[in-house]
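S.K.: Here is the input, now give the coordinates:
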Amino acid sequence: MASILFTWEIGEGSGHIAPYLAVIRELEARGHEVSFACKYVSRAFPLFAGTRVRYVQAPYVQSPPAEQAAPIDSFAKILNNCGYSNVPQLAGMIRAWRNLFELVKPDLIVADYSPTAVLASRESGIPRLQIGNGFFQVPTQGRIPTLAELQGLKHDDPHIFGFQNRILSHINAALELNGMAKVGLFQETQQAERKLFTTFKELDHYPEREPAEYIGPLNAVRGAEPEWPEGDGAKVFAYLKPFPTLGQLFMQLNQKKLRTLIYPDGIPEKLMREHASATLRFVDKPLDMPRIGETADFAVHNGNHGTTCELMLAGLPSLVLPLHAEQSIMGRHLQLLGAGLSFVEKTADQFHQGLSALSREDGYRQAARAFADRHRDFDRQQPVQTVLAAIDALLAYASSSAQRA
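M.R.: Reported below is the predicted structural model:
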């Protein structure tokens, strides 16, 4: 049987591991050996319980503060801050990934937001399956839009594409130090034998990319039944991380007597105690998204991709309060679809405007339901089967190539 290496290099949270667990369990049932290079091994122990996965630390370096670029307005600047800011540092990461490949000896690499792993494996002969939600996989044809453009913002920095070329020069110098061939274009660094997009075309962060294989989200997990507070106000589901004006949002939810269930992610206990009320309740476990869609009036969240997909499949409009560019892009998509509002500044006036509009205007719900209707045939089991079929095909390709050699 085959040795398969999953990789996760950039990004936060268990969402870079958990969606693959169903795939991994099936691969192990078929007799394959699975390894997983994780950015945070601290997340691995509980998630991989009950599997035989060999997890290891992924080669990752955060660039020194003096070399960090801000604002983060391009994919090149994301790379700069994740170890690409100087050549020796990047060369070391490439060498570390190549050392890891030699130790694991994978027959296939499955890469989740792992640009250096993909780059380092260019000449390895190991087939690569890249999986991501759209933000993790930049277009490989044409110009890469800036993150400001994708948010619908004016961008006047004349040096942004020069910065991309500087990162490309770092990449080529680091490749040369590792005895590897240079690349001609920035986009060539992220080539793979196959790419799968765990999103829908309408929610792809790069909507104008080349034709892509969209399979929908992998992480279809059933949660708890929502138990709504008593009252006459609209029912609101919220999934939120902390931000400076979060307390003002809670105050308005209470003042408007909106019946709110909040699944908190890192919100301080003190803040929750101060604002919990007869109509605003914090829950300690994920709720069932299909049931939320059937019973809630709208949602409030930060715009993370998985939550947005699940709410849109449930036909629920959203007030999006993004914390960074990736989430802001998702918020803009919902606005363009007419299925929500998005406010980057997150002021008290914006909370009032958004909560009032989503409480009273049915057009947002109609637009979200239109999306759900377009995807009513989406089979939640199919993305896992598609990934497994792609793995089978790439393993067969690798085997036939080895035989011909």
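S.K.: so for stretch 175-189, what's the average pLDDT?
M.R.: Stretch 175-189 shows a mean pLDDT of 94.
S.K.: If we go by neighbour counts, what in it is buried?
M.R.: Buried residues in stretch 175-189, counted by 16 or more other CB atoms under 10 Å: 175, 178, 180, 183, 186, 187, 189. (C-beta placed from N, C-alpha, C; glycine too.)
S.K.: if I look at residue 328, how far off is residue 166?
M.R.: From residue 328 over to residue 166 the distance is 25 Å, taken as CB to CB, to the nearest Å.
S.K.: Ok, residue 71 next?
M.R.: From residue 71 over to residue 166 (counting by CB to CB), the distance is 17 Å.
S.K.: Then residue 396?
M.R.: For residue 396 relative to residue 166 (CB to CB), the value is 40 Å.
S.K.: the more surrounded of residue 71 and residue 166?
M.R.: Neighbours were tallied for residue 71 and for residue 166 using other CB atoms under 10 Å; the higher tally belongs to residue 166 (15 against 10).
S.K.: on that earlier part again, what's the farthest-apart pair in the buried residues of stretch 175-189?
M.R.: For the buried residues of stretch 175-189, the farthest-apart pair by CB to CB is 178 and 187; their separation is 20.2 Å.
S.K.: so residue 180 touches residue 121, yeah?
M.R.: No - counting by CB atoms under 8 Å, residue 180 does not reach residue 121; the two are 10.3 Å apart.
S.K.: Give the residues shared as contacts by these two.
M.R.: With contacts defined as CB atoms under 8 Å, 6 or more residues apart in numbering, no residue is shared by residue 180 and residue 121.
S.K.: So which elements touch the lengthiest helix in the chain?
M.R.: The longest helix of the chain (DSSP state H) is helix 382-404. With contacts taken as 3 or more CB pairs under 8 Å, 6 or more residues apart in numbering; DSSP states H and E, helix 382-404 sits against helix 21-29, strand 108-112, strand 128-132, strand 194-197.
S.K.: wait, which of these is closest to residue 170?
M.R.: strand 108-112 (20.2 Å).
S.K.: average pLDDT for the very next helix or strand once past the closest one?
M.R.: Sequence-wise, the next helix or strand downstream of strand 108-112 (DSSP states H and E) is helix 115-120. Helix 115-120 shows a mean pLDDT of 97.
S.K.: can you give me the strands for the chain?
M.R.: Taking DSSP state E as the test, the strands found in the chain are 3-8, 33-38, 54-57, 108-112, 128-132, 194-197, 235-240, 259-264, 280-282, 298-301, 318-320, 340-342.
S.K.: Include mean neighbour count, distance to residue 66 and mean pLDDT when you put those into JSON lines, please.
M.R.: What follows is the strands of the chain, written out as JSON lines (neighbours: other CB atoms under 10 Å; distance: least, CB to CB, whole Å; pLDDT from 0 to 100):
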{"stretch": "strand 3-8", "mean neighbour count": "24", "distance to residue 66": "27", "mean pLDDT": "98"}
{"stretch": "strand 33-38", "mean neighbour count": "23", "distance to residue 66": "28", "mean pLDDT": "98"}
{"stretch": "strand 54-57", "mean neighbour count": "16", "distance to residue 66": "25", "mean pLDDT": "96"}
{"stretch": "strand 108-112", "mean neighbour count": "26", "distance to residue 66": "30", "mean pLDDT": "97"}
{"stretch": "strand 128-132", "mean neighbour count": "23", "distance to residue 66": "30", "mean pLDDT": "96"}
{"stretch": "strand 194-197", "mean neighbour count": "20", "distance to residue 66": "35", "mean pLDDT": "96"}
{"stretch": "strand 235-240", "mean neighbour count": "23", "distance to residue 66": "33", "mean pLDDT": "97"}
{"stretch": "strand 259-264", "mean neighbour count": "22", "distance to residue 66": "35", "mean pLDDT": "97"}
{"stretch": "strand 280-282", "mean neighbour count": "18", "distance to residue 66": "40", "mean pLDDT": "98"}
{"stretch": "strand 298-301", "mean neighbour count": "26", "distance to residue 66": "35", "mean pLDDT": "98"}
{"stretch": "strand 318-320", "mean neighbour count": "28", "distance to residue 66": "34", "mean pLDDT": "98"}
{"stretch": "strand 340-342", "mean neighbour count": "26", "distance to residue 66": "33", "mean pLDDT": "98"}
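S.K.: what would those strands look like in TSV with distance to residue 250?
M.R.: Rendered in TSV, the data for those read as follows (distance: least, CB to CB, whole Å):
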stretch	distance to residue 250
strand 3-8	33
strand 33-38	34
strand 54-57	38
strand 108-112	34
strand 128-132	33
strand 194-197	35
strand 235-240	9
strand 259-264	8
strand 280-282	7
strand 298-301	10
strand 318-320	13
strand 340-342	18
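S.K.: Which among these is found nearest to residue 81?
M.R.: So among those, strand 3-8 is nearest, using CB to CB, at 17.0 Å.
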